[in-house]
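> Quick one: sequence and predicted model below, then my questions.
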Amino acid sequence: MPSEETGRLLVVDSDAAGQQELLSELAHLRYAVEAAANASEALELAEASKPDIVLVALEARGMDGFEILGQLKALLPAATLIAVGASASTDSTVEAMRAGADRYLTRPLRADALALVLERSLRKAGTASAMLPGRLDHIVGAHPAIQRLFNRLLQAAKSRSTILIQGETGTGKELIARAVHEHSTRREGPLVRLNCAALAESVLESELFGHEKGAFTGASTRRRGRFEQADGGTLFLDELSEMPLSVQVKLLRFLQEKEFERVGGNETITVNVRVIAATNRDLRSLVDDGSFREDLYFRLKVVVLEVPPLRARPSDIPLLADHFLRVYSEENGKHLHGFTPRAREALLAYPWPGNVRELQHAIEQAVVLCEGDQIGTEDLPIEPPDREVEPLSLMVPGVTLAEVERYTIMRTLEAVGGSPTKAAKILGISKRTIQYRLQEWGHIKKG
């Protein structure tokens, strides 16, 4: 471990194996780390060393992690408290936040996810940060779902394959496309973006492939299209599902042969461009109804990156909220000290149908309107959902049947203590089906 330390950390976990897991993930980072196995040790070390960050295991035997969080919050009001739990459910996250946690991470921990949270926590405290090589600076998230996306993204970036990014509106698909470009061998080349839904059919074709002088009324000069502009780099086609069939034909030809002609021209042009496409719609259903070419669909889905909605990674909501608070506080010259406990609870309870983009706009508005030194519920432009309403009902319409199935199985497993046999009996399906789905979702390793 380098001799230069960047921050003081305290790990609280009564389970020796769990404590060792946390310590091993911190071993390569530049931190001064201490460990406690119970509440008295934790409070004693906290008072003596005044750590910047405390990681508290919630399910450890022989100690109440939630109670310890409350005690540490009173003793170390300026420290960042990170709860470490086994479940990524909204209920677990909300309970931890109520107890005093600023962040919530789930096991098994990943070094890159942990480093991201620690860095941002230390930056908030004004302490020097520890950088992890290859991390995605403009994308915030430590939830396992977003970390799996990061890993898949980094692998895909090294390839030459066409990439299809799928996700709801507001999830950050353009940021994912930018990250793929920046981590690819084309990073020194241009990244050119085109929104396919923003242009009429005739204009879209010209924008993509360019046109010759006199190709149509108003074409007074030859114009290079986005493909030529992106030569040596990446072309990002946003809202691809809105591309007309006539233009889809020319795109398919380029993907197959790497060549095209400008509108009104006969010269065949060859460029070296990687295509990344994004959509918030189900392309398979568009193929079925005839509005999207099946051959293009299969050509595009060589590598698919699924961007999870914000409701699928609730433990990232406080992380994102703090990030946006810092950004907009600096932009507006304000010195705000976080969120009130009730405001944090409201952020976690709200379903965020507009995803990260809606959260970003909400925090920006709250910063502008806030008259105190903390963001309160009265500053947030959101209405907390009725607690009598089951969260799933807030998600429909807007989710796929696959998402509903996953939600139902995972919530049932939580209710029965993780037993596939009991969950299968309640749901009226086979245990094998649940095990297959868990394997498919990455909760059980193959082999």
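Great, that's in hand.
> how about the most centrally placed residue in the chain, what does it touch?
Residue closest to the average C-alpha location in the chain (C-alpha atoms, centre = their mean): residue 146, at 4.3 Å. Applying C-beta atoms under 8 Å, 6 or more residues apart in numbering, we find residue 146 in contact with 139, 308, 313, 316. Where C-beta positions appear, they are placed from N, C-alpha and C, glycine not excepted.
> could those be laid out in a markdown table, adding neighbour count, pLDDT and secondary structure?
Below are the contacts of residue 146 laid out as a markdown table (neighbours: other C-beta atoms under 10 Å; pLDDT from 0 to 100; DSSP: H, G, I helix; E, B strand; the rest coil):
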| residue | neighbour count | pLDDT | secondary structure |
| --- | --- | --- | --- |
| 139 | 18 | 78 | coil |
| 308 | 20 | 90 | coil |
| 313 | 22 | 85 | coil |
| 316 | 25 | 85 | helix |
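> And these, which is closest to residue 265?
Within the contacts of residue 146, proximity to residue 265 (C-beta to C-beta) peaks at residue 139, which comes in at 39.6 Å.
> Quick check: the closest one vs residue 53, distance?
Between residue 139 and residue 53 the computed distance is 22 Å (C-beta to C-beta, to the nearest Å).
> same thing with residue 311?
27 Å.
> One more: residue 313?
21 Å.
> Mind telling me what element the closest residue to residue 87 other than its chain neighbours is part of?
The shortest distance from residue 87 to any non-neighbouring residue, by C-beta to C-beta, 6 or more residues apart in numbering, is to residue 414 (6.3 Å). Assigned by DSSP states H and E, residue 414 belongs to helix 401-415.
> Which strands or helices does that helix pack on?
helix 420-427, helix 431-440 (3 or more C-beta pairs under 8 Å, 6 or more residues apart in numbering; DSSP states H and E).
> For residue 35, find the nearest of those.
Among these, the nearest to residue 35 by C-beta to C-beta is helix 431-440 (32.1 Å).
> I'd like the average pLDDT over the closest one.
Rounded to a whole number, the mean pLDDT of helix 431-440 is 79.
> could you dump that helix to PDB, C-alpha only?
Extracted as PDB, the C-alpha positions of helix 431-440 are listed here (Å, rounded to 0.1, in the frame of the first residue of the first chain):
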ATOM      1  CA  LYS A 431     -38.300 -24.100  -8.500                       C
ATOM      2  CA  ARG A 432     -36.300 -24.800 -11.700                       C
ATOM      3  CA  THR A 433     -37.800 -21.700 -13.400                       C
ATOM      4  CA  ILE A 434     -36.700 -19.500 -10.500                       C
ATOM      5  CA  GLN A 435     -33.200 -20.900 -10.500                       C
ATOM      6  CA  TYR A 436     -33.000 -20.500 -14.200                       C
ATOM      7  CA  ARG A 437     -34.100 -16.800 -14.000                       C
ATOM      8  CA  LEU A 438     -31.600 -16.100 -11.100                       C
ATOM      9  CA  GLN A 439     -28.800 -17.600 -13.200                       C
ATOM     10  CA  GLU A 440     -29.900 -15.500 -16.200                       C
END
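> Taking helix 401-415 as reference, get the angle to that helix.
Relative orientation of helix 431-440 versus helix 401-415 (axes from the mean of the first three to the mean of the last three C-alpha atoms, to 10 degrees): 110 degrees.
> tell me the angle helix 431-440 makes with helix 420-427.
If you take the same axes, to 10 degrees, helix 431-440 sits at 110 degrees to helix 420-427.
> Isn't residue 275 up against residue 240?
No. When contacts are counted by C-beta atoms under 8 Å, residue 275 is not listed as touching residue 240 (9.4 Å).
> overlap in contacts of the two?
Here residue 275 and residue 240 have residue 300 as joint contacts, going by C-beta under 8 Å, 6+ apart.
> any idea of the mean pLDDT for the strand or helix carrying residue 164?
Following DSSP H and E, one finds residue 164 within strand 163-166. In this model, strand 163-166 has a mean pLDDT of 94.
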